[in-house]
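Asker: Sequence and predicted structure are below.
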Amino acid sequence: MLVDEESVESVLADLREDEGDQGDDSDDHTERELTEEEKRIKRLTARVERLTGHVESLEETIETKDEKLREYEGKLSEAKREERREARERREVTRLERETDRLERKVERKDERIEELEGKLDRLKALWKLDHSNFVDVSEKKAGLVPVKVVEQFTVDAIAAADESVGLVEDDVVLLRDASGAGRSSAHRLADVDPRLVLRTGGLSNVADRVLFEADVPVAPAELVTVQEVDELAVARESEVEGAIEDWRERARERERQQSAEMVDRLISEHRAQERG
């Protein structure tokens, strides 16, 4: 297109020069009729001018489209940034909702713990009031509460665990949560504490019963004494503890009488056997 356009313009320039030269010879010279070639050149020139104008119009249109394209690209970039921002906000909202749920569950657990502690506090207050009031079965002196040390099982390990947890000392009232199955070593370990009273749940083995009896440790069924427990704290009424100890003393005296009688019978039998021999 550019080569043809330059050729046409060159031909037209030559024609204009020729016409100028002829004009110098005669001003009133009659304009000659254009040849077919010249007419063709003129048509082509007009067409070139139209096409040139169309090209310029298209270039302006393209520039307009480019501007709109850049505008839409800017809007698209802004929309993408907005979408990324909204996505970040949604993720943050989700994170905060999860954190809120976690904290709400934590608060619920704390509320439950507070409620539990409040209940324990109420029970402790009740025990304190009980400790600072007179029992109906005691009229002349103020009756107190006796602390009770709980041992879960009658084993050496359980006794050691209780000793480490609450401390086992002389004149303690000890509650054996499960007294069954105790051996000689467990009985000796408890006898070494020298407790004031041992409350048992379940039966004692013969060997444990004999060790505690010989160590002069009072043992009584747990049902004889009302033990009130709050967590690791346990207390019993002084009057009931004294009653259980007195009951054991009576049984111990009867047991000693029986043992003495049995010993006498055995000695008599042995003596008679020797005489017959």
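Answerer: Here it is on my side, so go on. Numbers count the residues shown, from 1 in each chain.

Asker: helices and strands around the helix or strand hosting residue 44, which ones?
Answerer: Using DSSP states H and E, residue 44 maps to helix 36-131. With contacts defined as 3 or more Cβ pairs under 8 Å, 6 or more residues apart in numbering; DSSP states H and E, helix 36-131 has these neighbours: helix 2-25, strand 145-151, strand 227-230, strand 233-237. Heads up, the C-betas are built off the backbone N, CA and C, glycines and all.

Asker: what's the least confident stretch among those?
Answerer: With a mean of 50, helix 2-25 has the lowest mean pLDDT of the helices and strands packed on helix 36-131.

Asker: which residues touch stretch 244-264?
Answerer: Outside stretch 244-264, the residues that touch it by Cβ atoms under 8 Å, 6 or more residues apart in numbering are 196-197, 199, 213, 218-220, 224-225.

Asker: So which of these sit within strands?
Answerer: Counting by DSSP state E, the part of the contacts of stretch 244-264 found in strands is 197, 199, 219-220.

Asker: pLDDT and distance to residue 182 added to the residues you listed, as CSV?
Answerer: Listed next are these as CSV, based on pLDDT from 0 to 100; distance: Cβ to Cβ, whole Å:
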residue, pLDDT, distance to residue 182
197, 96, 17
199, 96, 14
219, 94, 11
220, 94, 16
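
Asker: Tell me who's in contact with residue 211.
Answerer: Contacts of residue 211 were listed using Cβ under 8 Å, 6+ apart, and they are 184, 187-188, 191.

Asker: before we move on, the earlier item: any idea how far the helix holding residue 44 is from the middle of the chain?
Answerer: Average the C-alpha atoms of helix 36-131, do the same for its chain, and the two points are 33 Å apart (Cα atoms, centre = their mean, to the nearest Å).

Asker: With stretch 169-183 instead?
Answerer: 39 Å.

Asker: and of the ones in strands among the contacts of stretch 244-264, the nearest to residue 61?
Answerer: residue 199 (106.1 Å; Cβ to Cβ).

Asker: Could you report the separation of that closest one from residue 242?
Answerer: 13 Å (Cβ to Cβ, to the nearest Å).

Asker: which one of the two has more residues nearby?
Answerer: Neighbour count, other Cβ atoms under 10 Å: between residue 199 and residue 242, residue 199 has more, with 28 against 14.

Asker: just curious, which of the contacts of stretch 244-264 is nearest to residue 153?
Answerer: For the contacts of stretch 244-264, the minimum distance to residue 153 (Cβ to Cβ) is 14.1 Å, reached by residue 199.

Asker: Break the protein down into its structural domains.
Answerer: 1-14+35-132, 141-272 (automatic domain parsing).

Asker: Mean neighbour count, those domains: which tops it?
Answerer: Sort the domains of the chain by mean neighbour count, taking mean count of other Cβ atoms under 10 Å, and domain 141-272 sits at the top with a mean of 16.
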